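Asks: Show me how the following folds:
(one chain, ligands or ions: 1)
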Amino acid sequence: MINEKSPGLPSADEIDIPALKKKYELERDRRIRKEGQQQYVQPKAEFAEAYEGDPYTPVKSRAAVSEEIEIAILGGGWSGIMAGVQLRKAGIDGFRVIDHAGDFGGVWYWNRYPGLQCDNDAYCYLPLLEETGFMPTKKFTDGWEIREYAQSIAAQYNLYEGALFHTMVSALRWDESLQRWRISTQQGDEIRARHVILANGLLNIPKLPGIPGINDFKGRLFHTARWDYDYTGGDQKNPEMNKLANKRVAIVGTGATAIQLVPFLGKYAKHFYVLQRTPSCVDTRRNSVTDPEWVKTLKPGWQAERRANFHRGANESFLRGEKDLICDIWTEVNRNLAAEREEQDWPELTLEEIMARYEEMDFRVMERLRRRVDSIVRDKQTAELLKPYYRYQCKRPTSNDDFYDTFNRPNVELIDVSESQGVERLTENGFVANGKEYEVDCIMFASGYEVTSDLDRRWGFEVFEGRGGFSMYDNWNGSYKTFHGVMTHGFPNLFVIGLNQGGLNSSLTVNFEEQSRHVAYIIQQAKERGATTVEPTRTAQDGYVQHIRDTAVDRTEWIKACTPGYFNNEGKPDVDENGNEKYRFYLGEIYGPGWDAFMKLLEDWRQQGDLDGLYLQ
Ligand code: NDP
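Replies: Here you go, the predicted structure:
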């Protein structure tokens, strides 16, 4: 056999799919909150510490900058780093990276909580491995290693030169008389940039549940993206949190962050409460240390091949005879299907037949994961509460070898807050759940990030105006309108990395790399042609958006059926211009024909060489 099915995978006969569908629906419905996104408060004013402060690098005062530059890259995470790398590769200099953080790294700068690892195969996730010669030490490698690697690439490509850290952009205005962007910052800078590349990230603004009484709590409270090691003890490389030995600790949330963190808090806190609204699904990790003998076998081009294999496994389907090189939770459904196709020698199937088998496998995999809970958690009631009842990938699937076992510890308690659709209340001394007050010393919010809230909340620029003072927030109100996913009409010389209206690759960093390559090409071509501005025409943009929508796979039913979360705008639909329900999907609008077809679309356009659809002046 080329691929092996997951051990313990039940057959379709062992599960009652119609009953499960009903259960999924019930579990979703009782979690949908009428306030949708409005249940969360912004990290401003009294909550500003959750966003504005930097617990890792002291903020130094500096003189305000007033200058003209060629390009400003807003953001120094993977997307900003990729933009800088591709600009250098295209021979373009004269740019500055501007970031709110104290260094490069983005989410890997801010997130330093104990147990932080990459949940994706690091040989796929980390960019430029063949070029830099770097090899992560583990398949799911540690957060600090990713941060250090990101910073080493920034150093290698000289991105530190001119970088402005601890700098928050407050306004972006296109100045017609200068034919430049005016960038104002909270630090008093006035930068006039010919081009702006927005690379401000997908997980940049911590999301805070607006729990009644949140201001009343007198103990320590922080978001996991601003870890307080002074309070807990230990550090990121050695998270021995011995200062928690006499502390009662609560964590809010059981998403991907909490799954990694819970085993550490369970180990060190005197008493530990896990406040769960919706359970995650948690598989075995199967992490491994990088084998130097395996590394020696790798041939040039291996990373692109591995990434393509992962993409097919996670998002499309394996080719006949193709082995799953990754074998993780992301590729499981397709790996099992490939194994059964081989075992049972399936004939060619129609798309509908494939989708039906995919759906059935989805139910079987989720059942396997629920049985996994029973096999580890000893208390039956706790085990029942930890079982996820929704379709695979309605929430981010996770893997961890210690999460479930943590609930067998005598000092750890699972508190289900699904009845009250979240934590009921905070008080001076702790929290209230299911009518009972629990006293704690510290509450940690593993409550995620603003992913599908309105753009002005996520970008945070008070002003963002293109030609004629037209606001970007009005321009993209409700739906993106882009050309190739990276430019928009009315906003000359503005490029966006990270947002999606086009092909989607399962390794996020591949998307950033390819979008950056495209942006660098356009800027370089515009310069070569002596143009001061470059902007898509309205007609070209309309044509592109129509093409994406005509080819898009309609995911509405799947999104709607999912349990609420940031994947589906908290289960609340928007209303489109025709009055129809439209679900905001966190991954944006995805090109139906797939990633390879999208790469060809961009490559063909570049090869054509006439910048068709762009207006140069
Ligand atoms: P999530 O948004 O996934 O989870 C937030 C958690 O907080 C959920 O369990 C949510 O419950 C809970 N919550 C929100 N409001 C309340 C409330 N009022 N009361 C109780 N609970 C509440 O955030 P994460 O930080 O876990 O993950 C965010 C993303 O970060 C991931 O999806 C992933 O993209 C990324 N990540 C990546 C990692 C990697 O290795 N690459 C590792 C960790 C995170 P509910 O589900 O009911 O809304």
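Asks: When you work out contacts or count neighbours from here on, use the C-alpha atoms and nothing else.
Replies: OK.
Asks: Could you measure from residue 304 over to residue 538?
Replies: Separation of residue 304 from residue 538 (Cα to Cα, to the nearest Å): 35 Å.
Asks: Which one's more surrounded, these two?
Replies: residue 538 (18 against 15; other Cα atoms under 10 Å).
Asks: Quick check, pLDDT for the spatially most distant residue from the centre of the chain.
Replies: Ranking residues of the chain by C-alpha distance from their mean position (Cα atoms, centre = their mean) puts residue 177 at the top, at 38.0 Å. For residue 177, the pLDDT comes out at 98.
Asks: next one: residue 466
Replies: Value for residue 466, per-residue pLDDT: 98.
Asks: That one: neighbouring residues, count only.
Replies: 23.
Asks: pretty sure it contacts residue 174?
Replies: Yes. With contact defined as Cα atoms under 8 Å, residue 466 reaches residue 174; the gap is 5.0 Å.
Asks: Need the overlap of contacts for these two.
Replies: residue 491 (Cα atoms under 8 Å, 6 or more residues apart in numbering).
Asks: now residue 391: how far from the ligand?
Replies: According to Cα to the nearest ligand atom, to the nearest Å, residue 391 stands 13 Å off from the ligand.
Asks: What residues does the closest residue to the ligand within the stretch 501-617 of the chain make contact with?
Replies: Going by Cα to the nearest ligand atom, the ligand is nearest to residue 565 of the stretch 501-617 of the chain, at 4.7 Å. Neighbour list for residue 565: 395, 571 [criterion: Cα under 8 Å, 6+ apart].
Asks: begin at 29 from here
Replies: Got it, the first residue is 29 from now on, which makes the last one we talked about residue 593.
Asks: And the pLDDT for it?
Replies: For residue 593, pLDDT reads 91.
Asks: backbone phi and psi for it, please?
Replies: Per-residue torsions, residue 593: phi 170, psi -170 (degrees, to the nearest 10).
Asks: That one and residue 587: what is the separation?
Replies: In terms of Cα to Cα, residue 593 sits 10 Å off from residue 587.
Asks: now do residue 266
Replies: 40 Å.
Asks: Settle it for me: which of these two has more neighbours?
Replies: Between residue 266 and residue 587, counted using other Cα under 10 Å, the more crowded position is residue 587 (21 against 10).
Asks: what sits against that one?
Replies: 422, 595, 596, 599, 611, 613.
Asks: so is it in a helix, a strand, or just coil?
Replies: helix (DSSP: H, G, I helix; E, B strand; the rest coil).
Asks: Show the model's pLDDT score for it.
Replies: Looking at residue 587, the pLDDT reads 89.
Asks: May I see the buried residues of stretch 164-180?
Replies: Residues of stretch 164-180 classed as buried: 164-175, 177-179 (neighbour count, 16 or more other Cα atoms under 10 Å).
Asks: Mark which of these are part of helices, please.
Replies: Applying DSSP state H to the buried residues of stretch 164-180, the entries found in helices are 171, 172, 173, 174, 175, 177, 178, 179.
Asks: quick one: the first one and residue 201, what's the gap?
Replies: To tie it back to what came earlier, the one meant is residue 171. Distance from residue 171 to residue 201, by Cα to Cα: 36 Å.
Asks: quick revisit: out of the contacts of residue 587, which two sit at the greatest distance?
Replies: 422 and 611 (13.5 Å; Cα to Cα).
Asks: Show me which residues of the protein sit near the ligand.
Replies: By Cα under 6 Å from any ligand atom, the part of the chain that sits against the ligand consists of 145-148, 237, 239, 280-286, 304-306, 424, 450-451, 474-477, 593.
Asks: Please list all residues in contact with residue 109.
Replies: 132, 178, 181, 182, 187.
Asks: ok, now residue 355?
Replies: residue 363.
Asks: ok, so what distance separates it from the ligand?
Replies: 16 Å.
Asks: Three-state assignment for that residue, please.
Replies: Classified using three-state DSSP, residue 355 is coil.
Asks: Specify the residue ranges that define each domain of the protein.
Replies: Here the domain parsing of the chain from automatic domain parsing is 64-70+236-313+425-473, 98-233+479-577+618-644, 581-616.
Asks: and residue 86, which of those is closest to it?
Replies: Ranking the domains of the chain by proximity to residue 86 (Cα to Cα) places domain 98-233+479-577+618-644 first, at 7.9 Å.
Asks: from the middle of its chain, how far away would that closest one be?
Replies: 15 Å (Cα atoms, centre = their mean, to the nearest Å).
Asks: pLDDT weak spots in the stretch 279-428 of the chain?
Replies: Under the criterion pLDDT under 70, no range of the stretch 279-428 of the chain is flagged.
Asks: For it, which segments count as strands?
Replies: 299-304, 310-311, 426-427 (DSSP state E, counting those that start in this stretch).
Asks: In the sheet, which strands lie alongside the second one, parallel or antiparallel?
Replies: Here strand 310-311 is paired, per DSSP bridges, with strand 426-427 (parallel).
Asks: And for whatever helix or strand comes next after the strand it pairs with, what's in contact with it?
Replies: Where DSSP states H and E defines the elements, the next helix or strand beyond strand 426-427 is helix 431-434. Identification of contacts with helix 431-434 by Cα under 8 Å, 6+ apart yields 287, 288, 290, 291, 294, 295, 310, 401, 404, 405, 440.
Asks: how far does helix 431-434 sit from the chain's center?
Replies: With Cα atoms, centre = their mean, you get 24 Å for helix 431-434.
Asks: helix or strand right after it?
Replies: strand 440-444.
Asks: what helices or strands is that following strand leaning on?
Replies: Packing contacts for strand 440-444, counted by 3 or more Cα pairs under 8 Å, 6 or more residues apart in numbering; DSSP states H and E, involve strand 299-304.
Asks: who does the strand it packs on touch, helix- and strand-wise?
Replies: strand 276-280, helix 284-296, strand 440-444.
Asks: Please name every helix or strand in contact with the first one.
Replies: Pointing back at strand 276-280 there. strand 299-304, strand 470-473.
Asks: Now render the ones in helices among the buried residues of stretch 164-180 as JSON lines, adding pLDDT.
Replies: Output for these, formatted as JSON lines (pLDDT from 0 to 100):
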{"residue": "171", "pLDDT": "98"}
{"residue": "172", "pLDDT": "98"}
{"residue": "173", "pLDDT": "98"}
{"residue": "174", "pLDDT": "98"}
{"residue": "175", "pLDDT": "98"}
{"residue": "177", "pLDDT": "98"}
{"residue": "178", "pLDDT": "98"}
{"residue": "179", "pLDDT": "98"}
